[in-house]
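1. sequence first, then the predicted structure, then my questions.
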Amino acid sequence: MSEKHRRRFGEIAVAERFCTQEEVEVALERQKGTNRYIGAIMVEMGVPKVWQLEKVVAIQKAEDNAAE
């Protein structure tokens, strides 16, 4: 039985049009060598807004629950 791929924060944020793939890539570069969440880095960058970050996390949780 194969495990379903869990969508990452950036994948969902881009799919929801809260940010661009380029903004995700910048955030990933800033994240290297840190223990910080990409969402926190992106909010500091101004994308996505806090409410959008909360929606992305809610989508991740819903998808996790559906996969159980």
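-> Great, that's in hand.

2. every contact and neighbour count from this point should use C-alpha atoms.
-> Fine.

3. OK, contacts around the residue nearest the centre of the chain?
-> In the chain, the residue lying closest to the centroid (CA atoms, centre = their mean) is Phe9, at 1.6 Å. Shown in contact with Phe9 (CA atoms under 8 Å, 6 or more residues apart in numbering): 38-39, 56-57, 60.

4. so which of these is the closest to Val14?
-> Val56 (9.9 Å; CA to CA).

5. name the element the closest one belongs to?
-> Assigning secondary structure by DSSP states H and E places Val56 in helix 50-67.

6. do the same with Arg6
-> Per DSSP H and E, there is no helix or strand for Arg6.

7. mind pulling up the pLDDT for it?
-> If you check Arg6, the pLDDT there is 85.

8. quick one, phi/psi of Ala27?
-> Main-chain dihedrals, Ala27, degrees, to the nearest 10: phi -60, psi -40.

9. gap between it and Arg8?
-> 13 Å (CA to CA, to the nearest Å).

10. tell me which of these two has more neighbours.
-> The neighbour count for Ala27 versus Arg8, taken as other CA atoms under 10 Å, is higher for Ala27 (22 against 12).

11. Val43 against Glu54, yeah?
-> No: using CA atoms under 8 Å, Val43 is not in contact with Glu54; the gap is 10.8 Å.

12. name the residue in those two with the higher neighbour count.
-> Taking neighbours as other CA under 10 Å, Val43 and Glu54 compare with Val43 leading, 16 against 13.
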